[in-house]
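# How does the following fold in three dimensions:
(2 chains)
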Amino acid sequence: MLNDLLFRLRSLFRRTQIEEEMGDELRFHFDHQVEKYVATGLSLQEAQRRARLTMGGEDKIKEDVREARGVSFVETLLQDLHYGARMLRKNPSFTIVAILTLALGMGATVAIFSVVDAVLLRPLPYRDPATLAVVWENSIRHSHPHNVVGPPNFVDWQRQNTVFESMAAMADTRANLTGAGDPEQVVVQNVTAGFFHVVGVNPVLGSGFTEENWKKGKDDVLILDYGFWKRRFGSDTHLIGKTIELNGKPQVIVGIAPKDFNLFIKDGTLTGSAPQMWAPFAVPESFGDRKEGFGRWLTVVARMKPGVSLAEAQSEMNIVASRLQQQYPDTNAHWGATVVSMREQLSGDLRPALVTLFCAVAFVLMIACANVSGLLLARAATREKEIAIRTAIGASRWRVARQLLTESLLLAVVGGALGLVLAIWGTNALLAASPKGLLGLTSVSIDMRLLSFAIAATLLSSLLFGFLPSYIAARSPIAETLKDETRGSSASGRRGFLRHALVIGQMGLALVLLAGSGLLIRSFIRLAGVNPGFETRNLLTFQVGLPRSKYAKDPAQVAFFNEFLARISRIPGVRNASMENYPPLTGLGAATGVHILGQPQVSKAEGPVSGVRVVGQDYLQTMGIPLLAGRTFTEAELKEARRVVIVNQAFVDKHLRGENPLGKRVVIYMRDEKVDEQNPSEIIGVCGSVRQMGPGEEAKPIAYWPMPELTYSRMTILVKTAGDPLSLVSTIRYELNQMDRELPMASIASMDQLLSDSISRSRFTMFVLGVFAVIALILTSVGIYGVIAYSVAQRTHEIGIRMALGAQRRNVLGLVLGQGTRLTLIGVGIGAVAALLLTRLMSSLLFGISATDPITFVAVIVMLAAVALLATFVPARHATRVSPVVALRYE
Amino acid sequence: MPETHIDLPQGTLDLLILKTIKLQPLHGGAISERIQQISKEVLQVQQGSLYPALHRLERRGWIKARWGASENNRRAKYYELTRAGRKQLEAEQDSWRKLTTAVAQILETT
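From the prediction side, this is the model:
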């Protein structure tokens, strides 16, 4: 064994000496043989001829000896690499195309994979995340399965279920942080007892909440988000035990949450932003009481008992919910419960987009591989003669195959390395291009698993596209190849079939990609073209929240906001100023049951539902919403409650069909039930419908109350300006400071920006898929160009004969184009069928068109066919320029 | 190429080489001559198979090579048996005899 190893090593490292010795040995043998023949009486010349005959090919012997010495593996590898590199250098256009193709495919795959991995696959930073779930109320009537939960239902769920070990609820609010530094608006997540136990997270600093903290009066403690702690307090470790002021009330900091703990459940948020701190939610006595004005506003997290599956938890919750339906039809008729795993909840709405992108990128990789494989096949064909000669002078077929494999491996490694660079760059570009907060990631690192994925992808694809050409090359019969190179041996027939199959496959894949991205583009154009129902131009929005400690009474808040709006209106460059309780286009809003007097009374759960928004002066003018009937609010109605409301057209269409809405009186169940019933509001106006929740959402019935009817301490201010809305921010801030130095302006944005943000996800998906489709189109056209150009080169002889026999140029053109058309038609046909089947999977990403939208399909089919034919046309023209004389001599 | 060409069964050439150089070290040319002579021209060993076989045996440590002077005073590579080679030869001769006896028995019946 050791002997063997030493021998091999010596053979490897003392290669030149051993090669020399081998030459000497064989030369000695030859001379010896010649002497012998001379001794038998032959002439020297004849003796040498005989000796050469018996000896056979010297190189072949040497090669076999090398093999026998056992060095050949490493040595031939080095030799192959050397030779391969030389061959690649000698064909720069081939090499560049192949390497770029590979790098593009690889880079895109790894970049997308790393994002998919981070969002969909990486473990959540909570204890045992698989048993963590989110429980929603399921609004069956409005098909809204992820509805926030009413506190009494949460309390009953807690009492009645047998599948959860523990449950906790949370609700987020905004608050003003004052004291140290500039005032700032922050998002506080109020959590019920046991919340941190349910998710299984402990603070990295500080002791966290104690049982005591959930009692009223003891709840003035906070746990800070890690990022917020770092930004606002410079990661000060002495902060624990210190006090900060929230809405003017002192709060003690008792903990800092771990870095990656930032549980933000978009479906349930009331603020629309990730929390910056957590506060104990000391629930009032009336928390579980259904008589005290029932509303839904909690997000519920739950820990499943060991061994309980998600399906079991769901079926148990179905039983509990249907029991509650019968018990409390008033609040619970048509309400079920939905159990969602935490993973699903956090990635759920991104999943379809990411899975689509992942499939798209896999397609791009496949096209890239097919392309390189096609290139290598064509090249193997042009090298047929070279390979045949190598075989003839003693290379074994395996040896030739290995040579070709090494070459493709070399391509793959270079392409892969370049691809990795592209991947790192692409991942960052992807993060930079993705809308803020969409992926919930700030950085994605390329980790070991990812690296191995890239290496596996490289090796696999190199085998994939390296194997076919070498397999075929190794099998072609030598003599035939040497004899004949243009008339198509059986090997080139096989190769032709394979190349055609590759091109057809590429066309099919490219068509699926084009169809997918075509659908997204069409759907995005629809989405962007949707009229939101109001004027977004030159409209500034920001939020102001009043602390209860300073502005305890509703009239004080109304007076503050009215004064503020009046001050803003006086600023030069301001056309109108108004306000609204929820920022538009963010998907936030409240909805409730209404009862229109004169219509039969039904239970709240059965009756009509409307969104409710609280607005300020000149709201319709500021937003550019048309008043369709009646009048707007008077100054008096904006100062104190006069029981008036303006509804939108959708409200009239849905709840007051065929009736005159003006003068009708409506009970809006938004405050205390008895107060609401005693104070119905009179409809004084009808305005145009607005897609408040975002352009992708249908316009819903909305009732607009003037602020005194229902006062909110936190409002979104809307300012219509003559010029750039953002240029007025500092003037407005000055006015605000004049009124109260401690109030921050938060979430400052132009409405155009908000509108653009609301469709940013669609734009992002469309953009990425569009890039892939363009790559696919380019690669595919290179692919078909390569095949046709090669086939023209192969058929030069034939074309020459045809032309010599009288064929016209257009016959030749038709001949070549016909071949391209056939391939194109088959590929497009297969692709169209595949696309019809596959695009259905992405229907949840589409807006306003079906997944089989005929216009999109026809457009992409025409586009792909046109590009393919163009790619065919270039070599076809080349064929018509063939001069018969040259062609016949071509061999 | 000679007309009478007998393909040696796999491994047989190794045995013949070991046997041929048992008595004295020989160079490649001499080995193939010796095999040819003794087999009365039936077995002809081509260089194409001889040299790979020699190098293979050397790698296995059964023979070793050294450079020496030939009959007419030229530098030639001589191969000789090592101790391991001697053992290997005995073992192979033994199994060869068993094999041929067995094959002969089968061929002679019927």
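
# List the buried residues for the strand or helix carrying residue B:89?
Per DSSP states H and E: residue B:89 is located in helix B:83-108. For helix B:83-108, burial by neighbour count (16 or more other C-beta atoms under 10 Å in any protein chain shown) applies to B:85, B:88, B:89, B:92. Every residue, glycine included, has its C-beta placed from N, CA and C.

# which ones among those residues come in contact with chain A?
Near chain A, judged by C-beta under 8 Å from any C-beta of the partner chain, there are no entries from these.

# Report the two of those separated the most.
Maximum pairwise distance among these (C-beta to C-beta): 10.1 Å, between B:85 and B:92.

# Which neighbours do those two have in common?
Taking C-beta atoms under 8 Å, 6 or more residues apart in numbering or on different chains as the criterion, residue B:85 and residue B:92 both touch residue B:18.

# Got the phi and psi for residue B:48?
phi -60, psi -30 (degrees, to the nearest 10).

# list the contacts for it?
A:55, A:56, A:57, A:60, A:61, A:64.

# buried set for the helix or strand hosting residue A:819?
Element membership for residue A:819 (DSSP H and E) is helix A:809-839. By neighbour count on 16+ other C-beta under 10 Å, the buried set for helix A:809-839 is A:812, A:815-817, A:819-820, A:823-824, A:826-828, A:830-832, A:834-835, A:838-839.

# for the chain, what helix or strand is lowest in average pLDDT?
In the absence of a named chain, this looks at chain A. Every helix and strand of chain A was ranked by mean pLDDT, DSSP states H and E. The lowest is helix A:478-483, at a mean of 58.

# nope, chain B
Using mean pLDDT, DSSP H and E, the lowest element in chain B is helix B:47-60, with a mean of 85.

# Could you list the low-confidence segments of chain B?
Across chain B, the ranges flagged by pLDDT under 70 are B:1-7, B:9-10, B:110.

# How about the residues of it by chain A?
B:1-2, B:27-29, B:33, B:46-48, B:51-53, B:55-56, B:58-61, B:67, B:70, B:72, B:74-77.

# mind redoing it with 6 Å?
Within chain B, the positions near chain A by C-beta under 6 Å from any C-beta of the partner chain are B:28, B:29, B:47, B:48, B:51, B:52, B:55, B:56, B:59, B:61, B:76, B:77.

# Any chance of a PyMOL selection covering the buried ones in those?
Selection of the buried residues among the residues of chain B next to chain A in PyMOL, burial being defined by 16+ other C-beta under 10 Å:
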select buried, chain B and resi 28+29+47+48+51+52+55+56+59+61+76+77
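
# count of neighbours near residue A:671?
14 (other C-beta atoms under 10 Å in any protein chain shown).

# Mind checking what secondary structure it has?
Secondary structure state of residue A:671, per DSSP: H, G, I helix; E, B strand; the rest coil, is coil.

# Leaving out sequence neighbours, find the closest residue to it.
residue A:710 (6.4 Å; C-beta to C-beta, 6 or more residues apart in numbering or on different chains).

# Using the three-state scheme, assign the residue positioned nearest the centre of chain B.
In chain B, the centroid-proximal residue (C-alpha atoms, centre = their mean) is residue B:17; its distance is 1.6 Å. When classified by three-state DSSP, residue B:17 comes out as helix.

# Look up phi and psi at residue A:144.
Torsion angles, degrees, to the nearest 10, at residue A:144: phi -130, psi 90.

# same thing with residue A:300?
Dihedral angles (degrees, to the nearest 10) for residue A:300: phi -110, psi 130.

# ok, now how distant is it from chain B?
As defined by C-beta to the nearest C-beta, to the nearest Å, residue A:300 lies at a distance of 74 Å from chain B.

# what does residue A:229 give?
Applying C-beta to the nearest C-beta, the value for residue A:229 to chain B is 69 Å.

# For that residue, the count of nearby residues, please.
24.

# Check residue A:247 too.
21.

# secondary structure element for the closest residue to it other than its chain neighbours?
Once flanking residues are discounted, residue A:247 sits nearest to residue A:547: 3.6 Å by C-beta to C-beta, 6+ apart. Counting by DSSP H and E, no helix or strand carries residue A:547.

# thought residue A:547 was touching residue A:246?
No - when contacts are counted by C-beta atoms under 6 Å, residue A:547 is not listed as touching residue A:246 (8.2 Å).

# Can you spell out which helices and strands pack onto the helix holding residue B:89?
helix B:12-20 (3 or more C-beta pairs under 6 Å, 6 or more residues apart in numbering or on different chains; DSSP states H and E).

# packing partners for whichever helix or strand comes after the helix it packs on?
Note on helix B:12-20: by DSSP H and E, the next helix or strand toward the C-terminus is strand B:26-27. Applying 3+ C-beta pairs under 6 Å, 6+ apart, one finds that strand B:26-27 contacts strand B:75-81.

# Near residue A:568, how many other residues are there?
The number of residues packed near residue A:568 is 22, by other C-beta under 10 Å.
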